[in-house]
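Colleague: just a sequence and a predicted model for now, questions to come.
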Amino acid sequence: MVKTEYSEVMQKSYIDYAMSVIIARALPDVRDGLKPVQRRTLYDMYELGIRYDRPYRKSARIVGDTMGKYHPHGDSSIYESLVVMTQEFKKGIPLVDGHGNFGNIEGDGAAAMRYTEARLAKITQEAFLGDLDKDVVDFIPNFDETEKEPSVLPVKIPNLLINGAEGIAVGMATSIPPHNVAEVIDAVKAYIHNPEITTSELMKYVKGPDFPTGGIIINKDDLHEIYETGSGKIRVRGKVEIEKAKGGKTNIVITEIPYTMIGLNIGKFLSDVAALAESKKTVDIVDIMNQSSKEGIRIVIELKKDADPDNFINMLYKKTRLEDTFGVNMLAIDNQKPETMGLKKIIRRNVEFQFEVATRKYTNLLNKELAKKEVQEGLIKACNVIDLIIEILRGSKDRNMAKACLVNGETTGIKFKSKESAIMAQQLMFTDNQANAILEMRLYKLIGLEIQALIAEHDETMANIYRYEDILSRKDSMAQVLLNELELIKKENTRPRRTVIENAEEAVYVENKIEEMDVMFLMDRFGYSKTIDMNTFERNKDTVTSEYKYIFKCSNVGKVCIFTNTGQLHTVKVTDLPFSKLRDKGVPIDNVSNYDSSKEDILLITGQTELNLYRILFVTKLSMMKVVDGGEFDVNKRTVMASKLQDDDSLVSVTLYQDQKHIILQTKEGYFLRFQIDEIPEKKKAALGVRGMKLSKDDYIEGVYYTTSVSSGTIALKDKSIDLSRIKAAKRDGKGTKIRL
């Protein structure tokens, strides 16, 4: 029995799992730009013969075959990969030709795999899989060692740049934008001509990302640093046009969207625009229409007559995802290791790979031509002495005897017509391959025209040999072959650039001034929040009090402050909350703040104005307490630390300090301690505070109560009422008195 530390087993197992996810699932290979699931799907289609010039086949057949032979990780990942490779709005060049419903740019999913059909795209067959039969890449055993699969596809273009990549591994993620095919090929050609080329010089060809959705990249000056380091942020805007509408109104028409808005984010954008109108941040919107179709994106926002369209467009850029950030992290697998690479490194590794593939390809072709040359020369020689060969064949007892004579000149046992024939036969020195070809040659090959054709074929073979030897011996010749192939791919797949690249100024949005007034904040027990006007509240005070958990007055231009048991303060602008009717539902407070109701409990929620007027009392589970001036929490950040906490500690009470005189701490074990609040010192929000009560082991503060006099009030605890007069006043940091219920 081998004893091993459990932590060591967990550590090794997790590292093995992480490397498996990084190498074998989530990240693409820099050479072919494909993840394993993509590579296996394309290879399986190649093996099934689902070529671009043949009929479509059911996606379910492709998925099932891929899963059974190469990728045993479930059909959903394979089908999702197949779907993405068909979508023109996600890929620079789709690798699969899909037939049926493969989803759309607005986020509608593809139909089930049993309904859709697919086949390889022409460029995939020619530029990704075309040389697989020439032994140009290594083949490795599949998961159960019953099949062989390529370790990488012999892709002739930098697919990693052209189609981009997205993937989340363990502790790392890749995010590479797609680029224009022609620009990338021109950059590769420039690198082949000059391997010392700089990133700046490469960017004369690769202007920047070319998103299938178009849009406008507005931080052109940042692209050099991104391509140099392999990481950075690209700011993308949608393309907006202004159209005149009937009645003097103006239409804002969005014809292109940022790449990050693909899918459900288009619906989110429409919701955000509607929310701007609902929250009164703009009163210019008359109507919103999504007129997008197969022809392209067309989102129309109708504005009022007196609206300022330019200011409204800037508001869309500032308040919605019409201007968004694409985080670039060009991370890929290189030599079985993840590495973040710049533009030049990706192109260099692709070119090196092309030379490796070309070397193997032309070495293999040369060997085949040399074998053909050997046989052809043997047949030509045989035609010149065909009478002698026929004599040998007729005089031999079996094939081996005839072959021995052709190869080694052995005439023992062969009957010849004359001694001269035997002497000539002894001088024959054919190779083993030539002898086999002669023995298998058909008689019609002796026709004069066939002999001429054989000689012409030999001349062609010799020309190929000279060409292949030249390619393999001279790097310039091989480079020219690669350049010719790249030019052909470029010619067949060039398309105009879709994304505009420029340096744009920051969008400046002048907000309409909101008339300041008091409103009532309401939040029910489910977290749905809103504000209503004061008159509505006064008319329905009883209803509001019975239906809502949190109710307080605040300014419509102020903030709502949420203190939680984790020691965090979350702030929400009142303008982010819907100003609505009493019966309207409101919005979840989680949606407009960083507060997470699944992980935090609200201890105090109040308006910033009220917070500034008072001090705040904090009490923790481990009996640490302090008083903090409320003005310290007048911050602009959405979330800040409201109170420093020890490990395993949490807040149990956050209270506005108004006219309270005494504080009563109650522990889980039933101990009560009462003392004057004046004994609690005022501290900064970053301080731990002082101990309020001595706790026994495993005991903790469970309840905190406040009174304005020595004897007033009762405490309801465990269905029983405790008269506060039973709890005598003491000093802070005592053990307290145990009260039996």
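Modeller: Sure thing, it's come through.

Colleague: all helices of the stretch 451-600 of the chain, in order?
Modeller: Ranges of helices in the stretch 451-600 of the chain, per DSSP state H, counting those that start in this stretch, are 475-493, 534-539, 541-547.

Colleague: looking at the ones you listed, which is buried most?
Modeller: helix 475-493 (a mean of 15; mean count of other Cβ atoms under 10 Å). Every residue, glycine included, has its C-beta placed from N, CA and C.

Colleague: helices and strands around it, which ones?
Modeller: Secondary-structure packing of helix 475-493 (3 or more Cβ pairs under 8 Å, 6 or more residues apart in numbering; DSSP states H and E): helix 122-123, helix 181-193, helix 343-384, helix 448-473.

Colleague: that older thread, adding distance to residue 47 and mean pLDDT, write the helices of the stretch 451-600 of the chain out as TSV.
Modeller: Listed next are the helices of the stretch 451-600 of the chain as TSV, based on distance: least, Cβ to Cβ, whole Å; pLDDT from 0 to 100:
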stretch	distance to residue 47	mean pLDDT
helix 475-493	23	94
helix 534-539	70	91
helix 541-547	65	90
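
Colleague: dump the ones you listed into CSV; add distance to residue 267 as well.
Modeller: Formatted as CSV, those follow (distance: least, Cβ to Cβ, whole Å):
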stretch, distance to residue 267
helix 475-493, 33
helix 534-539, 32
helix 541-547, 31
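
Colleague: tell me the contacts of the residue nearest to residue 468 when sequence neighbours are not counted?
Modeller: Spatial nearest neighbour of residue 468, excluding adjacent residues (Cβ to Cβ, 6 or more residues apart in numbering): residue 366 at 4.0 Å. For residue 366, the contact set (Cβ atoms under 8 Å, 6 or more residues apart in numbering) comprises 465, 468-469, 472.

Colleague: which stretches of this structure have low pLDDT?
Modeller: By pLDDT under 70, the weakly predicted segments of the chain are 1-2, 14, 16-24, 279, 443-446, 448-449, 512-513, 710-713, 718-719, 741.

Colleague: where's residue 235, which helix or strand?
Modeller: Taking DSSP states H and E as the definition, residue 235 sits inside strand 231-237.

Colleague: would you mind putting the CA coordinates of that strand into CSV?
Modeller: Taking C-alpha atoms only, strand 231-237 is exported to CSV below (Å, rounded to 0.1, in the frame of the first residue of the first chain):
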residue,chain,number,x,y,z
SER,A,231,-3.2,42.2,-25.4
GLY,A,232,-5.1,45.4,-24.9
LYS,A,233,-8.6,46.9,-25.4
ILE,A,234,-10.3,47.9,-28.6
ARG,A,235,-13.1,50.3,-28.4
VAL,A,236,-15.8,49.7,-31.0
ARG,A,237,-18.8,51.7,-32.0
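
Colleague: the residue nearest to the spatial centre of the chain in helix, strand or coil?
Modeller: The residue lying closest to the centre of the chain (Cα atoms, centre = their mean) is residue 166, at 3.0 Å. Secondary structure assignment for residue 166 (DSSP: H, G, I helix; E, B strand; the rest coil): strand.

Colleague: winner for burial among the helices and strands packed on helix 475-493?
Modeller: The most buried one of the helices and strands packed on helix 475-493 (mean count of other Cβ under 10 Å) is helix 181-193, showing a mean of 21.

Colleague: got the angle for that helix vs helix 343-384?
Modeller: Between the axes of helix 181-193 and helix 343-384, defined by axes from the mean of the first three to the mean of the last three Cα atoms, to 10 degrees, the angle is 80 degrees.

Colleague: tell me what helix 181-193 is packed against?
Modeller: helix 159-162, helix 199-202, helix 343-384, helix 475-493.

Colleague: kindly reformat those as a markdown table and extend each row with distance to residue 37.
Modeller: Shown next, in a markdown table, are these (distance: least, Cβ to Cβ, whole Å):
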| stretch | distance to residue 37 |
| --- | --- |
| helix 159-162 | 15 |
| helix 199-202 | 30 |
| helix 343-384 | 20 |
| helix 475-493 | 24 |
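
Colleague: for residue 142, which of these is the nearest?
Modeller: The closest of these to residue 142 is helix 343-384. By Cβ to Cβ, the value is 21.7 Å.

Colleague: between that closest one and helix 475-493, how many degrees?
Modeller: Going by the same axes, to 10 degrees, helix 343-384 makes 110 degrees with helix 475-493.

Colleague: which SSE is immediately downstream of helix 343-384?
Modeller: As assigned by DSSP H and E, the chain's next helix or strand after helix 343-384 is helix 386-395.

Colleague: put the alpha carbons of that next one into PDB.
Modeller: Provided in PDB are the C-alpha atoms of helix 386-395 (Å, rounded to 0.1, in the frame of the first residue of the first chain):
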ATOM      1  CA  ILE A 386      11.900  -6.800 -75.400                       C
ATOM      2  CA  ASP A 387      12.800  -9.900 -77.500                       C
ATOM      3  CA  LEU A 388      15.400 -11.000 -75.000                       C
ATOM      4  CA  ILE A 389      12.900 -10.500 -72.100                       C
ATOM      5  CA  ILE A 390      10.200 -12.500 -73.900                       C
ATOM      6  CA  GLU A 391      12.800 -15.300 -74.400                       C
ATOM      7  CA  ILE A 392      13.700 -15.200 -70.700                       C
ATOM      8  CA  LEU A 393      10.000 -15.400 -69.700                       C
ATOM      9  CA  ARG A 394       9.300 -18.300 -72.100                       C
ATOM     10  CA  GLY A 395      12.300 -20.200 -70.900                       C
END
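
Colleague: which other residues reach that helix?
Modeller: So helix 386-395 is contacted by 382, 402, 405-406, 414-417, 421, 424-425, 428, 438-439, 446 (Cβ under 8 Å, 6+ apart).

Colleague: quick one, domains of the protein?
Modeller: Domain segmentation of the chain under automatic domain parsing yields 34-154, 239-321, 350-491, 518-738.

Colleague: so which of those gets nearest residue 198?
Modeller: Across these, residue 198 has its closest neighbour in domain 350-491 (15.5 Å, Cβ to Cβ).

Colleague: just give the closest residue to residue 462, not the sequence neighbours.
Modeller: Distances taken as Cβ to Cβ, 6+ apart place residue 373 nearest to residue 462, at 6.7 Å, with adjacent residues excluded.

Colleague: what's the distance between that neighbour and residue 429?
Modeller: Distance of residue 373 to residue 429, computed by Cβ to Cβ, to the nearest Å: 17 Å.

Colleague: and the closest residue to residue 299 other than its chain neighbours, what does it touch?
Modeller: Of all residues not flanking residue 299 in the chain, residue 254 sits nearest, at 4.2 Å (Cβ to Cβ, 6+ apart). Residues near residue 254 by Cβ under 8 Å, 6+ apart: 238-240, 297-301, 322.

Colleague: now residue 254: how far from residue 266?
Modeller: In this view, residue 254 and residue 266 are 10 Å apart by Cβ to Cβ.

Colleague: now do residue 534
Modeller: 38 Å.

Colleague: for residue 523, same thing?
Modeller: 30 Å.

Colleague: check residue 210 too.
Modeller: Computed as Cβ to Cβ, the residue 210 to residue 266 distance reads 20 Å.

Colleague: off-centre distance for stretch 637-646?
Modeller: 32 Å (Cα atoms, centre = their mean, to the nearest Å).
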